[in-house]
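J.: can't give you the sequence, but here's the structure:
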């Protein structure tokens, strides 16, 4: 069965420091992978997505992610974190090419210290 | 362009009651998906509607049902509410049958509390 694991439930970084959020997936075929961000009281906003091609994908708000098939990982990175990046981050994989059913990880809460 | 909207924002019900949540999809979108997000968890797929027909269902009991209307808005109905149904319910729309590559645009959600 398809699944997504985000090993870090909570991460705290200082403003201006670099960030890496981990995501591991389990999926038999070529995965479609997504990173979403959720701020309090808000819905989910898409940061970036990977379907095929270049394994390093760029997203909005200065985020990027790298797909590593050998490690079944799709980690999210940002070189310099801003206080406004504090939010909940979800990695997701599409479970079926027919329904577009998104399978989400448990999420990682990012706290940014001034 | 209006995004995905959901109503109501918050709702409190008691066990055994029934509830209807509503979603208006983004203009031009004909696919709507519903997700349940329990506190501290990632969203879980409930079902998807495409052109008024159910197109895929997650691991939820039949007391979770839905509708999609000709204008592509949607309802989620939950009968015989249980305490564990307390969650944030998210609606997402996409411009076509979400065959994996189409982005799903999420609404702000409806927070349901069952007492």
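T.: Yes, it's here. Given the structure is predicted, the values throughout are model-derived calculations rather than measurements.

J.: from here on, contacts and neighbour counts on C-alpha atoms
T.: Noted.

J.: Which neighbouring residues are in contact with the closest residue to chain B within chain A, exactly?
T.: Relative to chain B, the nearest point of chain A is residue A:43 (3.9 Å; CA to the nearest CA). Taking CA atoms under 8 Å, 6 or more residues apart in numbering or on different chains as the contact definition, residue A:43 lies against B:90, B:106-109.

J.: Rebuild these as TSV, extending it with neighbour count, secondary structure and pLDDT.
T.: As requested, these are exported to TSV (neighbours: other CA atoms under 10 Å in any protein chain shown; DSSP: H, G, I helix; E, B strand; the rest coil; pLDDT from 0 to 100):
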residue	neighbour count	secondary structure	pLDDT
B:90	27	strand	97
B:106	26	strand	94
B:107	24	coil	94
B:108	24	coil	94
B:109	30	coil	95
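
J.: Go through those residues and say which is closest to residue A:112.
T.: Residue A:112 lies nearest to residue B:108 out of those, by CA to CA, at 23.2 Å.

J.: nearest residue to the closest one other than its sequence neighbours?
T.: residue A:43 (3.9 Å; CA to CA, 6 or more residues apart in numbering or on different chains).

J.: can you check residue B:93 too?
T.: residue B:32 is the one closest to residue B:93 (CA to CA, 6+ apart), at 4.4 Å.

J.: pLDDT score assigned to the one you found?
T.: With respect to pLDDT, residue B:32 has a value of 92.

J.: Who are the packing partners of the helix or strand harbouring it?
T.: Residue B:32 belongs to strand B:31-37 when assigned by DSSP states H and E. Counting contacts by 3 or more CA pairs under 8 Å, 6 or more residues apart in numbering or on different chains; DSSP states H and E, strand B:31-37 packs against strand B:44-50, strand B:87-94.
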